[in-house]
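*Asks:* Attaching a predicted model along with its sequence, questions to come.
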Amino acid sequence: MTLSKSMRRLCAVAAIFCLAACSGDDEIAYKEQTVYEIYSQAVAYLDEGRYRDAAAYFDEVERQHPYSVWATKAKLMSAYSHYQNNKYEDAIAGLDRFIAVHPGNRDIAYAYYLKALCYYEQITDVQRDQEMTRKALDSLQDVVTRFPGSTYARDARLKIDLTRDHLAGTEMTVGRFYLRRKQYLAAINRFKVVVDEYNDTTHVPEALYRITEAYSLLGITDEARKSAAVLGFNYPGSDWYEDAYELVQGRAPKSSTQQQADDKPWYQIW
């Protein structure tokens, strides 16, 4: 049987609507179920690694049973499902809603911690923009401030140290870039940020050496000696101090520490 042109057009439109319905958002078709049935199905999907389905079913708990005790837990579990699926923006949005609506919930510390993890796991390498690193640091510090005695705070403190070291590494990368381009004052300013703001990180000895190096190249020997003295006082046994000492004496550094750092590839600073 041959379909008319108008009939074929109608079928095509129907097909489009069908595809749109099938490929739309994660909201599932309404089917009246008990809260236990929906929540159990969500947990089953979560265990199977079907995180998108799990999030949809956790959301369905709230849609069908908004006043049940399970609805509050489901909000948090939906955000966790998005986090497991690397859908960090969705997870953060869900966590922000949970925090705003349930500030006194017993799982509120975990909500803050999970939000911090969402930012932390998006940290990029030191040669790229560090917006997520700064957001991670702020969120981790928020966990420590609000819940200092919790297990989440203990882990957050460890991640704060790593995050600060990462930010210091970014400043060092930019500073070396300016140093290589002979923009010595700009380089000094970057290295001073490491010394002043990230003085508990692993990058401080090199930063002090680089300040010594930049001042020496500018011919400002008094400042070069001062930074070398600070380096020697705080890190007397480091290779960076040995190099700085040789430098202020007008000799080439003995160790290979400086050369190894200078030989690192130089990339565009984002």
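*Replies:* Yes, it's here. Numbering: from 1, shown residues only.
*Asks:* Helices of this protein, start to end?
*Replies:* Ranges of helices within the chain are 5-22, 35-47, 51-64, 69-84, 88-101, 108-120, 131-146, 151-180, 184-197, 204-218, 221-234, 239-248, 257-262, based on DSSP state H.
*Asks:* quick one: which of those has the weakest pLDDT on average?
*Replies:* With a mean of 38, helix 5-22 has the lowest mean pLDDT of the helices of the chain.
*Asks:* can you count the residues close to residue 89?
*Replies:* 10 (other C-beta atoms under 10 Å). All C-beta atoms are positioned from the backbone trio N, CA, C, and that covers glycine.
*Asks:* any idea how far residue 153 is from it?
*Replies:* For residue 89, the distance to residue 153 equals 25 Å [C-beta to C-beta, to the nearest Å].
*Asks:* likewise residue 97?
*Replies:* Distance from residue 97 to residue 153, by C-beta to C-beta: 23 Å.
*Asks:* How about residue 199?
*Replies:* Separation of residue 199 from residue 153 (C-beta to C-beta) stands at 22 Å.
*Asks:* on that earlier part again, which of residue 97 and residue 153 has more neighbours?
*Replies:* Of the pair residue 97 and residue 153, residue 153 is the one with more neighbours under other C-beta under 10 Å, namely 19 against 14.
*Asks:* Contacts only, for that one.
*Replies:* With contacts defined as C-beta atoms under 8 Å, 6 or more residues apart in numbering, the neighbours of residue 153 are 143-144, 147.
*Asks:* Closest to residue 224 out of these?
*Replies:* residue 144 (38.2 Å; C-beta to C-beta).
*Asks:* Could you give the number of residues near the closest residue to residue 243 other than its chain neighbours?
*Replies:* Residue nearest to residue 243 in three dimensions, not counting chain neighbours: residue 253, with 3.6 Å by C-beta to C-beta, 6 or more residues apart in numbering. Look at residue 253: counted by other C-beta under 10 Å, it has 18 neighbours.
*Asks:* from what I can see residue 253 touches residue 242, true?
*Replies:* Yes: counting by C-beta atoms under 8 Å, residue 253 does reach residue 242; the two are 7.3 Å apart.
*Asks:* ok, so of the contacts of residue 153, who is nearest residue 53?
*Replies:* residue 143 (29.5 Å).
*Asks:* how close does residue 98 get to residue 176?
*Replies:* 43 Å.
*Asks:* quick one: contacts for residue 191?
*Replies:* 171-172, 175, 207-208, 210-211, 214.
*Asks:* again, only this time at 10 Å
*Replies:* Residue 191 makes contacts with 171-172, 174-176, 178-179, 203-204, 206-214, 227, as judged by C-beta atoms under 10 Å, 6 or more residues apart in numbering.
*Asks:* Dump the contacts of residue 153 to a markdown table, plus distance to residue 166 and neighbour count.
*Replies:* Shown next, in a markdown table, are those (distance: C-beta to C-beta, whole Å; neighbours: other C-beta atoms under 10 Å):
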| residue | distance to residue 166 | neighbour count |
| --- | --- | --- |
| 143 | 18 | 27 |
| 144 | 17 | 19 |
| 147 | 23 | 17 |
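*Asks:* Touching, residue 130 and residue 119? I think so.
*Replies:* No: using C-beta atoms under 10 Å, residue 130 makes no contact with residue 119, being 11.2 Å away.
*Asks:* what sits in contact with each of the two?
*Replies:* By C-beta under 10 Å, 6+ apart, the residues touching both residue 130 and residue 119 are 136-137, 163.
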